[in-house]
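Asker: Structure of the sequence below:
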Amino acid sequence: MCERHRLLNQIRMCDFALTEVGLYLDSHPFCQKGLAYYQKHRQMRDEAAAAYQAQFGPLNIRSNNDPDRWTWVDSPWPWEMEA
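Answerer: The predicted structure follows:
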């Protein structure tokens, strides 16, 4: 598996975990283990997203941070398979 796909899979796994723990925390807002799990996976997701964006460009339109050009249109986009 190439680095691009590895990072995207890590981001997807963290996003899934964050969604699930978010639903749990909706009904258990003071659960310290749940909050720690959320923070851990949020940090992992942020690190994977930063690594992806440093190597392959923005993950979404809000990630375009280049003030001199619109890098979002560079290919391939995160959901596209490389040829």
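Asker: low pLDDT regions in this structure?
Answerer: Applying pLDDT under 70 to the chain flags the ranges 1, 75, 77-79, 81-83.
Asker: where exactly do the helices run in it?
Answerer: Secondary structure of the chain (DSSP state H): helices at 3-27, 32-56.
Asker: between the last one and helix 3-27, how big is the angle?
Answerer: In terms of direction (axes from the mean of the first three to the mean of the last three C-alpha atoms, to 10 degrees), helix 32-56 departs from helix 3-27 by 150 degrees.
Asker: quick one: contacts of helix 32-56?
Answerer: Contact with helix 32-56 is made by 3-4, 7-8, 10-11, 14-15, 17-18, 21-22, 24-25, 28, 59, 63, 78, as judged by C-beta atoms under 8 Å, 6 or more residues apart in numbering. Backbone N, C-alpha and C define where each C-beta goes, glycine included.
Asker: change it to 6 Å
Answerer: 4, 7, 10-11, 14, 17-18, 21, 24-25, 28, 59, 63 (C-beta atoms under 6 Å, 6 or more residues apart in numbering).
Asker: same thing with the first one?
Answerer: The contact list for helix 3-27 (C-beta under 6 Å, 6+ apart) reads 34, 37-38, 41, 44-45, 48-49, 51-52, 56.
Asker: Export those residues to TSV and append columns for neighbour count.
Answerer: Shown next, in TSV, are the contacts of helix 3-27 (neighbours: other C-beta atoms under 10 Å):
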residue	neighbour count
Gly34	16
Tyr37	17
Tyr38	18
His41	18
Met44	16
Arg45	18
Ala48	21
Ala49	20
Ala51	15
Tyr52	21
Phe56	16
